[in-house]
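[1] Here is my input; please provide its structure:
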Amino acid sequence: MGHTVSVSLTLLCILLIASACFATLGGHESAPSIGIFEGNHDIGVILHSGAVAYDSNKKTYTVSGSGENMWFAKDAFHFVWKKVSGDLSFTADIDFVGTGKEPHRKACLMVRQSLDTDSAYSDAALHGDGLTSLQFRETQGATTHEVQANAVAPKCLRLEKRGEWVRMYLADEKGEFHFCGSATRLALKGDYYIGLGVCSHNKDNVEQAVFSKVDLNTDLPAPSHEPTLYSTLETQAIASTDRHVAYVTTKHIEAPNWLPNGETLLFNGGGRIYQIPSKGGEPKEIPTGFAIRCNNDHGVTPDGKTLIISDQSQGDHQSRIYTLPITGGEPKLVTPLSPSYWHGVSPDGKTLAYCAQRNGQFDIYSIPIEGGEERRLTDVKGLDDGPEYSSDGRYLYFNSERTGRMQVWRMKSDGSEQEQVTTDEYNNWFPHLSPDGKNMVFLSYEKGVTGHPPNKDVQLRIMNLETKQIKLLAKVFGGQGTINVPSWSPDSKKIAFVTYQLIP
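    The predicted structure follows:
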């Protein structure tokens, strides 16, 4: 009897050791404990099982992963996970092992609703070539999007979830973390997964990454102060929908324009106008003389030589339109009457279109760029705003609430043949026409929102002007200041806009 018990105990020990080894080496079972994590799992279709090795002395996790990609509507990677709930911050240093075979291999800090291949998720992803982005799939089965940080190969990353917002932070040279501008709204329900992920970006390869200084904080302090407003200047590629952070600041900035050189953006902040490289850098103020209360209605003539501003510095402190050299100088008055808010310039650079209040009503007007008599183009009860010329100069597109809800309209440049362009349940503002004449981007508020206020959930949508088909480009937090004025790149491949975050 004793001999039988001894043999049984021996067999039980062997089975337990084998089970633990199988879990640690990949497979689809959970290990009892892997450092702070509960288990690991291959997600999606994997040809080569992933693995994790935990060094309890160094407290490092070496994760091996295969998988074709983490993109579109499904993922394939290795995931080391723990089930959690509520708010948290998740931090780690990430180092790839070896040079790797794929520049887009990924090592990630991830929150994920489930272990399904098409689960809703968000991650802070470091790529093999140094690209760092916040990736996200808002709902199960949806398409993955990303917001690329303006940083290359940061050493230390942090993913923070507060409420329905997931944000990415990066450490500077001093080891201090800063919000990098990458954020998304993600409504995770109940318990969800937090963990480390590695994808080789090639179904036939296996890549490794070492995660060190891993810290999971599930006890975030309650906010003790008013939230801080962060403004993020972004660009987005139309074809891929990839977003890229050019600049992030705790100052309030608004309304980017793209210069004709395709390499420079303008924006306003604190009453001044600034320029910045479109790929990122430090802003440089454009001197605007006495005009030190510039609002977000500004732009550039097609030849790139003249800056057009709307400023409230003079007299009654109502907005008037001025022009000055793009390099800066003393503004020249164009519209003596106020308030006047610039929005468009004709393709030949000779005529300005703007929104103006006259006798208590806001309508669309035009005026020669050198000044002169203004011409009223609309005269209908309700707000007409945001006029912008089509690329051939034949039409002015604008937004109007004349039918009870703000929608996009268009008319001939002389004001004739006014017709409605959008007819949906949103409130649609600020149509912007691509230089190639093919598309129109505009800002959409939910139907219950009045006006164009700041700090709202809004959508950037794009209409094909030939087929009239409308597609979603991005869901962002913003509104006023996001995309008030022309913001297409000269090659019609990108748009620029500002998003906002209120961070505890």
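[2] Below-threshold pLDDT in the chain: ranges please.
    The model of the chain has pLDDT under 70 over residues 1-32.
[3] let's go with 80 and repeat that
    1-33 (pLDDT under 80).
[4] what about the helices in it?
    2-24 (DSSP state H).
[5] For the stretch 301-450 of the chain, which segments are assigned as strands?
    Ranges of strands within the stretch 301-450 of the chain are 306-311, 320-325, 332-333, 340-345, 351-358, 361-368, 375-376, 384-389, 395-400, 407-412, 419-420, 427-433, 439-445, based on DSSP state E, counting those that start in this stretch.
[6] Tabulate those strands in CSV, adding columns for mean neighbour count and distance to L460.
    Quick note: C-beta positions are derived from backbone N, CA and C, even for glycine. Converted to CSV, the strands of the stretch 301-450 of the chain look like this (neighbours: other Cβ atoms under 10 Å; distance: least, Cβ to Cβ, whole Å):
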stretch, mean neighbour count, distance to L460
strand 306-311, 25, 23
strand 320-325, 22, 26
strand 332-333, 14, 33
strand 340-345, 26, 17
strand 351-358, 22, 21
strand 361-368, 20, 23
strand 375-376, 13, 30
strand 384-389, 26, 14
strand 395-400, 25, 14
strand 407-412, 20, 13
strand 419-420, 10, 21
strand 427-433, 25, 10
strand 439-445, 23, 6
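[7] what's the closest of the ones you listed to L126?
    strand 439-445 (30.6 Å; Cβ to Cβ).
[8] Contacts for that closest one, please.
    238, 397, 399, 406, 408, 421-422, 426-434, 452, 456, 458-465, 473, 479, 482-483, 487-488, 492, 495 (Cβ atoms under 8 Å, 6 or more residues apart in numbering).
[9] export that strand as CSV, just CAs?
    In CSV, the C-alpha atoms belonging to strand 439-445 read as follows (Å, rounded to 0.1, in the frame of the first residue of the first chain):
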residue,chain,number,x,y,z
ASN,A,439,-12.9,64.8,-51.1
MET,A,440,-14.3,66.9,-48.4
VAL,A,441,-13.5,66.5,-44.7
PHE,A,442,-15.8,68.0,-42.0
LEU,A,443,-16.5,68.0,-38.3
SER,A,444,-19.6,66.2,-36.9
TYR,A,445,-21.2,66.7,-33.5
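[10] quick one: strands adjacent to it?
    Sheet pairing of strand 439-445 (DSSP bridges) gives strand 427-433 (antiparallel), strand 456-464 (antiparallel).
[11] if we can go back for a sec, from the contacts of strand 439-445, list just the buried residues.
    Among the contacts of strand 439-445, those classed as buried by 16 or more other Cβ atoms under 10 Å are 238, 397, 399, 406, 408, 421-422, 426-434, 452, 456, 458-463, 465, 473, 479, 482-483, 487-488, 492, 495.
[12] hmm, back to that, rebuild the strands of the stretch 301-450 of the chain as TSV, extending it with distance to S66.
    Listed next are these as TSV, based on distance: least, Cβ to Cβ, whole Å:
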stretch	distance to S66
strand 306-311	53
strand 320-325	57
strand 332-333	63
strand 340-345	52
strand 351-358	56
strand 361-368	58
strand 375-376	65
strand 384-389	49
strand 395-400	49
strand 407-412	47
strand 419-420	52
strand 427-433	43
strand 439-445	39
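[13] out of those strands, which comes closest to S56?
    strand 439-445 (52.1 Å).
[14] Just want the angle from the closest one to strand 395-400.
    10 degrees (axes from the mean of the first three to the mean of the last three Cα atoms, to 10 degrees).
[15] mind listing what V152 touches?
    So V152 contacts G130, L131, T132 (Cβ under 8 Å, 6+ apart).
[16] Generate a PyMOL selection restricted to the buried subset of those.
    Here is the PyMOL command that selects the buried residues among the contacts of V152 (16+ other Cβ under 10 Å):
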select buried, resi 131+132
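[17] quick one: which of the contacts of V152 is nearest E263?
    Nearest member of the contacts of V152 to E263, counting by Cβ to Cβ, is L131, at 20.0 Å.
[18] Could you give the bridge partners of the closest one?
    In beta-bridge terms (that is, DSSP bridges), L131 pairs with V152.
[19] roughly how far apart are it and G50?
    22 Å (Cβ to Cβ, to the nearest Å).
[20] can you check K83 too?
    19 Å.
[21] what do you get for D42?
    Distance from D42 to G50, by Cβ to Cβ: 5 Å.
[22] Neighbour count: those two, which is higher?
    A direct count of neighbours by other Cβ atoms under 10 Å for D42 and G50 places G50 higher, at 28 against 23.
[23] and the residue nearest to the more buried one when sequence neighbours are not counted, how many neighbours?
    Leaving aside its sequence neighbours, G50 sits nearest to H78 (Cβ to Cβ, 6 or more residues apart in numbering; 2.6 Å). Neighbour count for H78, taken as other Cβ under 10 Å: 29.
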